[in-house]
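Participant: I'd like to go over a predicted model; first the sequence, then the structure.
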Amino acid sequence: MNQLVIDTTLERVRAALEAGKVEDALAVLANLHPADRAEAFSDLPRDDQEELLPRLDPEDAAELLEELEDEEAAEAAASLPTAALADVLDEMEPDAAADILGDLPPAQASAALAEMDAEQAEEVRPLLAHADDTAGGLMTPDFFALRRQMTVRQTIDFLRGQEVDHETPYYLYVVDRNDRLIGVVGLRDLIRAAPETLIETIMNREVRSVPVGADQEEVARLMKKYGWLAVPVVDADGKLVGVIRYDDIVHVLEEEATEDLYRLSNVSDGDLTPWSPVRVSVSRRLPWLYVNLVTAFLAAAVVSLFEATIAQVAILAVFQGIVAGQGGNAGTQTLAIMVRGIALGEIELGDAGPVIFKEVSIGLMHGVAVGLAVALGAWLWKGIPILGLIIGLSLVGNMVAAGLAGTLVPLTLKALKLDPALASAVLVTTVTDCVGFGLFLGLATYFLPYLTV
């Protein structure tokens, strides 16, 4: 239903723009929910976006940019004059403003930062020092910090005087005189406590935090595991410097899942959108096609070792692809489970032994089940019992190899501090192709006298 509303809105916006009625187009967009408005805006041609965005008031433009994907938001923001961009950034959450500034050309970012409101710029500037994929790059400096000697009454009076937005989590962090994090208080506990109760009496001292340099995947994993709505971020001295909210982590989980999915298909990070320029997509994907080409030649080299066998029994050429293909499919299944487990922290290097045993066992059972089916089919089709035996044994061996490779390759990449999703698929399919061809044609060579009778 939402998509129908968005499509209808887009038609009306385009019609208004074609008629030169920009204000009417803005009025139509304004009727949408902010998230739907951002989706409709991103579907407009770049020229239309550049015509509409400067006509929005800074608050509406800020809300729109916060809903867009990072790259789209930066591209849209880059089209604004410096003064207008500074006004929009002043209306944004500090972490969102920092994300946009970090993606802009340095000269434009510096000029916009210089024209921003001094107080907002002071909050945004420290965030620019942190990489986007770290806790420091995700956090916002907007949070409530309490002192342990404050009473419940003082705390409630303090909160009443603050400007609270809809994203503020229900956690209040307690710091000492050096701003080091020492506890956390929930709003429910605060409301239930007597007015003169000290904060240190009701605070939870076992507050968990993440260091400012923590990887965003680790932060997401912790928040998911413990069900946090927010997590405090501390520097090397234990000082509270920011808070990461659940909505930022939802974005991270989507981003990381998408990245791993694309990497399993050997698509590089810079090509994670279907709207990337053709030149960029080709330059990102072509290198991996060359890598795949090299591994294909390696598999072909294995086949070439048995040219004489294939020449004597041509039917082998028909069945060799089945053995390699089934192994590749099994390896991909194992690989998907391993990469997901590693990404979620469910599988560590210390789990290698039990995991390898399990996947090899599964490969053995799959190999027997599939091998018997294919062996029976080959025997009934060609009437050569020994051919069925060769195929069956080859499938058992290649399924075991698939389970072993699908487990060892991502674990080895993790041990080498490399992304397990990046090259695993290429390496695993190379193993299953080479082992599959080698086993099948090797067994065929051994039993050649029985095949040629």
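Facilitator: Everything's here; your move.

Participant: so residue 252 sits right up against residue 218, yeah?
Facilitator: No: taking CB atoms under 8 Å as the definition, residue 252 is not a contact partner of residue 218, at 10.4 Å. Quick note: C-beta positions are derived from backbone N, CA and C, even for glycine.

Participant: Compare these two (neighbour count), which wins?
Facilitator: Set side by side, residue 252 and residue 218 show more neighbours around residue 252, with 18 against 14, by other CB atoms under 10 Å.

Participant: From the recorded domain assignment, give the ranges for the protein.
Facilitator: Split into domains by automatic domain parsing, the chain comes to 2-131, 145-255, 269-451.

Participant: Now find how far off-centre the longest one is within its chain.
Facilitator: By that I understand domain 269-451. Centroid displacement of domain 269-451 relative to its chain, using CA atoms, centre = their mean, to the nearest Å, is 26 Å.

Participant: swap in the shortest one?
Facilitator: Distance, stretch centre to chain centre, for domain 145-255: 26 Å (CA atoms, centre = their mean).

Participant: quick one: average confidence on that domain?
Facilitator: The pLDDT scores in domain 145-255 average 86.

Participant: Which residue ranges of the stretch 1-150 of the chain form helices?
Facilitator: Taking DSSP state H, counting those that start in this stretch as the test, the helices found in the stretch 1-150 of the chain are 2-18, 22-30, 34-42, 46-52, 58-67, 70-78, 82-90, 94-103, 106-115, 118-124, 135-138.

Participant: Would you mind pulling up the elements that the longest one packs against?
Facilitator: Using 3 or more CB pairs under 8 Å, 6 or more residues apart in numbering; DSSP states H and E as the contact criterion, the elements in contact with helix 2-18 are helix 22-30, helix 34-42, helix 46-52.

Participant: Any chance of those in a markdown table with mean pLDDT as columns?
Facilitator: Shown next, in a markdown table, are the helices and strands packed on helix 2-18 (pLDDT from 0 to 100):
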| stretch | mean pLDDT |
| --- | --- |
| helix 22-30 | 84 |
| helix 34-42 | 84 |
| helix 46-52 | 85 |
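
Participant: on that earlier part again, how about the domains of the chain in JSON lines, adding distance to residue 139?
Facilitator: Below are the domains of the chain laid out as JSON lines (distance: least, CB to CB, whole Å):
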{"stretch": "domain 2-131", "distance to residue 139": "6"}
{"stretch": "domain 145-255", "distance to residue 139": "3"}
{"stretch": "domain 269-451", "distance to residue 139": "21"}
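
Participant: out of the ones you listed, which comes closest to residue 137?
Facilitator: Across the domains of the chain, residue 137 has its closest neighbour in domain 2-131 (4.5 Å, CB to CB).

Participant: now the helices and strands packed on helix 2-18 as CSV including mean neighbour count?
Facilitator: Putting the helices and strands packed on helix 2-18 into CSV (neighbours: other CB atoms under 10 Å) gives the following:
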stretch, mean neighbour count
helix 22-30, 17
helix 34-42, 18
helix 46-52, 15
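
Participant: for those helices, which one sits closest to residue 349?
Facilitator: helix 34-42 (40.0 Å).

Participant: Provide the contact partners of the closest one at residue level.
Facilitator: With CB atoms under 8 Å, 6 or more residues apart in numbering as the test, helix 34-42 has contacts from 2, 5-6, 9-10, 13, 29-30, 32, 49, 52, 63-64, 67-69, 72, 76.

Participant: Which strand or helix spans the nearest residue to residue 346 once chain neighbours are set aside?
Facilitator: Beyond its immediate neighbours in the sequence, the residue positioned closest to residue 346 (CB to CB, 6 or more residues apart in numbering) is residue 340, lying 7.9 Å away. Assigned by DSSP states H and E, residue 340 belongs to helix 316-343.

Participant: mind listing what's buried in that helix?
Facilitator: Using 16 or more other CB atoms under 10 Å as the test for burial, helix 316-343 gives 316, 319-320, 322-324, 326-328, 330-343.

Participant: For residue 432, which of the helices and strands packed on helix 2-18 is the nearest?
Facilitator: So among the helices and strands packed on helix 2-18, helix 34-42 is nearest, using CB to CB, at 40.4 Å.

Participant: so how far is that closest one off the chain centroid?
Facilitator: For helix 34-42 - counting by CA atoms, centre = their mean - the centre lies 22 Å from the chain centre.

Participant: now the helices for the stretch 151-300 of the chain?
Facilitator: Counting by DSSP H, counting those that start in this stretch, the stretch 151-300 of the chain has helices at residues 152-160, 187-192, 199-202, 216-226, 246-264, 278-304.

Participant: meant to ask about the stretch 301-450 of the chain, not that
Facilitator: Along the stretch 301-450 of the chain, counting by DSSP H, counting those that start in this stretch, helices occupy 307-312, 316-343, 352-382, 385-415, 420-446, 448-451.

Participant: Please convert the helices and strands packed on helix 2-18 to JSON lines, extending it with distance to residue 116.
Facilitator: Listed next are these as JSON lines, based on distance: least, CB to CB, whole Å:
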{"stretch": "helix 22-30", "distance to residue 116": "24"}
{"stretch": "helix 34-42", "distance to residue 116": "22"}
{"stretch": "helix 46-52", "distance to residue 116": "22"}
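
Participant: Go through these and name the closest to residue 118.
Facilitator: Of the helices and strands packed on helix 2-18, nearest to residue 118 by CB to CB is helix 34-42, at 27.8 Å.
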